[in-house]
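**Student:** my questions are about this predicted structure, shown below with the sequence.
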Amino acid sequence: QVQLVESGGGLVQAGGSLQLSCAYSGRTFGSYIMGWFRQDPGKERELVARISRDGSLTYYEDSVKGRFTISRDNAKNTVYLQMNSLKPEDTAVYYCAAAARPFSYAGEYDWWGQGTQVTVSS
């Protein structure tokens with residue numbers, strides 16, 4: 001069984017920064033692709049960033065390129081999302097997820113955290 005627990009969300013002013021963390025427990029962390037998704041009420045859950053098993057390859061959704069950085073520490077079983085220059089449109093519930101392959105759609109991810117709210121005020 002895999003468990004993912006996010007932390008680090010909160011309220012921040014536009015232009016500010018937050019770092020989200022996702023602690024993993026269960027099967028070998030290094031065997032999974034890790035992704036960060038976000039979801040607004042009434043909208044589909046969208047992939048924000050993704051990182052390969054060894055951390056060498058990353059993917060970012062266009063609207064966050066240059067502002068967000070995904071990283072992982074396999075020794076600590078943790079994946080991070082550093083979010084800089086935050087905008088009000090970044091407001092959403094953020095989820096981390098694990099998959100066996102570098103998928104882009106939420107339905108293709110096997111394991112999910114409970115989510116953490118990020119609110120960016122203007």
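**Tutor:** Right, received. Where do you want to start?
**Student:** tell me the centre residue of the chain?
**Tutor:** The residue lying closest to the centre of the chain (C-alpha atoms, centre = their mean) is residue 36, at 2.2 Å.
**Student:** how far away is it from residue 122?
**Tutor:** From residue 36 across to residue 122, the span is 23 Å (C-beta to C-beta, to the nearest Å). Any C-beta I mention is one placed from the backbone N, CA and C, and that applies to glycine too.
**Student:** ok, residue 13 next?
**Tutor:** 8 Å.
**Student:** if we can go back for a sec, following the helix or strand harbouring the residue nearest to the centre of the chain, which helix or strand comes up?
**Tutor:** Using DSSP states H and E, residue 36 sits in strand 33-39. Moving toward the C-terminus from strand 33-39, the next helix or strand (DSSP H and E) is strand 46-51.
**Student:** pLDDT of the helix or strand just after that next one, averaged?
**Tutor:** For strand 46-51, the following helix or strand on the C-terminal side (DSSP H and E) is strand 58-60. Predicted confidence along strand 58-60 averages 97 (mean pLDDT).
**Student:** what about residue 24, neighbour count?
**Tutor:** Using other C-beta atoms under 10 Å, residue 24 is surrounded by 24 other residues.
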